[in-house]
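In: The following comprises the amino acid sequence and a computationally predicted model.
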Amino acid sequence: MNVRRKWSAGTTVLLSVAFAAAFATPARAHVQYVTPGGDAVDPLGFLLSTLAEPVNAVLLAGGAGVGAVSLLAYLRVRPVRRDVLLLRELLAGYRDLLPWLLRLSVGLPLVGAGFAGYLFTPVFTPAEPTLVRLFGITVGFLLLFGFGTRLVASFGLAVYLAALAASPDLLLAFEYVPGFLAIALVGGGRPSADQVIARMAADDRTLYSRIDPFYRRVAVPVVARVDGFRQYVPLVLRAGMGVAFVYLGVVQKLANPGDSLAVVAKYDLTAVVPVDPALWVVGAGLTEMAVGFALLFGVFTRFFSGVAFLLLTTTLFGLPDDPVVAHISVFGLVSALLVTGAGPFSFDAWAAREVPDAVPNPLDESPSTAD
């Protein structure tokens, strides 16, 4: 694949994700899962009044400044260089299990959604949930088993996009877009039913290879066409998850402060960190924005993936009545970024060219399999 085609493919991915985010209709936050909402609050007035408080302004500016200076200082000094390189090598060593991780990340929450009767997110429960249950359980289990993986993932993505056009609330589960796309690109991997079938069908000495009607006619040509785009899996994941986190911070926190204030009050979060409740909301929104933009542009991707994982752990598992199963997809896809790193078209890729001992993209050497 030449340079022009690579840039074209990367630009298409970024524009597709940006288009979906730009035309998103604001919806209430994940706080919907744990509270019916709060009083209506003017977002701009709330933000300005929060920043007008000197203590709030100092804490926010100080936190941002310390974070920025720390990252710049690390780039300059790199005090734990060997540790970071070894950690990256160890994480990249799991690249052969990436398809399995992706399938678990999407398949498990889909099965949970199917049994619970909602479509992708608990805020979208149709009046007649039979088809929703059938979809979630069937697609989820097929992904878990890795059977017809690329076809099933493509079907799941089509259903999500069609449902999104009917209900903007499904933007709360936007992580399914990069999840389905990544699975469609990498296939079932191992362990999966697709791998078993492919190995049986590829061996001319087996009886199965003589009766399988799809492997050579369908699977092999599809893999040949798709395989060149596997290198963009990190781009798909971080672009999609970046948009999801920016959406959480901007639309669901800063644009709906009343709902977030209700969560702060319900769980008495000011007793955990004794600051102004408004600072809780603004700080959480700005933090999610920062993580989202870092992932979107591939800046210290593994580090900010770890930050995202920590945020999810402390916020979701700290809320006793939050439906954690609905967030397995976010946990899994953030974990996948720890394995893949930033990939192409990223700050990290640019920085790696300046560092002789940088670890290569984990997907560059991934073997191709007709799954």
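Out: Everything's here; your move.
In: For the residue lying farthest from the centre of the chain, what are phi and psi?
Out: In the chain, counting by Cα atoms, centre = their mean, R205 sits farthest out from the average C-alpha position, at 42.0 Å. Torsion angles at R205 (phi, psi; degrees, to the nearest 10) stand at phi -80, psi -10.
In: From F297, how far off is it?
Out: Distance, R205 to F297, by Cβ to Cβ, to the nearest Å: 50 Å. Every C-beta, even on glycine, is put in place using the N, C-alpha and C of the backbone.
In: who are the neighbours in contact with A244?
Out: Under the criterion of Cβ atoms under 8 Å, 6 or more residues apart in numbering, the neighbours of A244 are 174-175, 292, 330.
In: Narrow these to those in strands?
Out: Nothing among those maps onto strands, per DSSP state E.
In: Now do the contacts for S154.
Out: Shown in contact with S154 (Cβ under 8 Å, 6+ apart): 180, 184.
In: Please, which helix or strand holds it?
Out: helix 149-166 (DSSP states H and E).
In: and that helix, which residues are buried?
Out: Residues of helix 149-166 classed as buried: 149-150, 152-153, 155-157, 159-160, 163-164 (neighbour count, 16 or more other Cβ atoms under 10 Å).
In: Quick check: mean pLDDT of that helix?
Out: Mean per-residue pLDDT for helix 149-166: 93.
In: mind saving the C-alpha coords of that helix as PDB?
Out: C-alpha atoms of helix 149-166 as PDB (Å, rounded to 0.1, in the frame of the first residue of the first chain):
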ATOM      1  CA  THR A 149     -16.400 -12.800  13.100                       C
ATOM      2  CA  ARG A 150     -15.900 -10.200  10.400                       C
ATOM      3  CA  LEU A 151     -19.400 -10.700   9.100                       C
ATOM      4  CA  VAL A 152     -21.000 -10.600  12.500                       C
ATOM      5  CA  ALA A 153     -19.100  -7.500  13.500                       C
ATOM      6  CA  SER A 154     -20.100  -5.700  10.300                       C
ATOM      7  CA  PHE A 155     -23.700  -6.600  10.900                       C
ATOM      8  CA  GLY A 156     -23.500  -5.300  14.500                       C
ATOM      9  CA  LEU A 157     -22.000  -2.000  13.300                       C
ATOM     10  CA  ALA A 158     -24.800  -1.700  10.700                       C
ATOM     11  CA  VAL A 159     -27.400  -2.200  13.400                       C
ATOM     12  CA  TYR A 160     -25.800   0.300  15.700                       C
ATOM     13  CA  LEU A 161     -25.600   3.000  13.000                       C
ATOM     14  CA  ALA A 162     -29.300   2.400  12.000                       C
ATOM     15  CA  ALA A 163     -30.400   2.500  15.700                       C
ATOM     16  CA  LEU A 164     -28.300   5.700  16.200                       C
ATOM     17  CA  ALA A 165     -30.100   7.400  13.400                       C
ATOM     18  CA  ALA A 166     -33.400   6.700  15.300                       C
END
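In: quick check, distance from that helix to the centre of its chain.
Out: How far helix 149-166 lies from its chain's middle: 16 Å, per Cα atoms, centre = their mean, to the nearest Å.
In: Ok, stretch 74-87 next?
Out: So, by Cα atoms, centre = their mean, the centroid of stretch 74-87 is 26 Å from its chain's centroid.
In: end to end, how far does that stretch reach?
Out: Taking Cα to Cα, to the nearest Å, the span from the opening residue of stretch 74-87 to its closing residue is 16 Å.
In: Closest one to I183 out of the contacts of A244, please.
Out: For those, the residue nearest I183 by Cβ to Cβ is E175; the value is 12.3 Å.
In: Tally up the residues packed near the closest one, please.
Out: 25 (other Cβ atoms under 10 Å).
In: hang on, isn't it packed against M241?
Out: Yes: assessed by Cβ atoms under 8 Å, E175 is found in contact with M241 at 6.3 Å.
In: Need the residues touching each of those two.
Out: 330, 333.
In: What's the first helix or strand after the helix holding S154?
Out: Of the helices and strands lying after helix 149-166 in sequence (DSSP H and E), the nearest is helix 176-186.
In: ok now that next one, how far from the chain's centre?
Out: Using Cα atoms, centre = their mean, the offset of helix 176-186 from its chain centre is 10 Å.
In: Can you say which helix or strand has the residue nearest the centre of the chain in it?
Out: Taking Cα atoms, centre = their mean, the centroid of the chain lies closest to M241, which sits 3.7 Å from it. Element membership of M241, judged by DSSP H and E, is helix 233-249.
In: Skipping adjacent residues, who's closest to L119 in space?
Out: Among residues not flanking L119 along the chain, V132 sits closest, at 4.8 Å (Cβ to Cβ, 6 or more residues apart in numbering).
In: before we move on, the earlier item: I'd like the buried residues of helix 149-166 as TSV, with distance to F345 appended.
Out: As requested, the buried residues of helix 149-166 are arranged in TSV below (distance: Cβ to Cβ, whole Å):
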residue	distance to F345
T149	26
R150	23
V152	28
A153	23
F155	28
G156	26
L157	21
V159	28
Y160	24
A163	29
L164	25
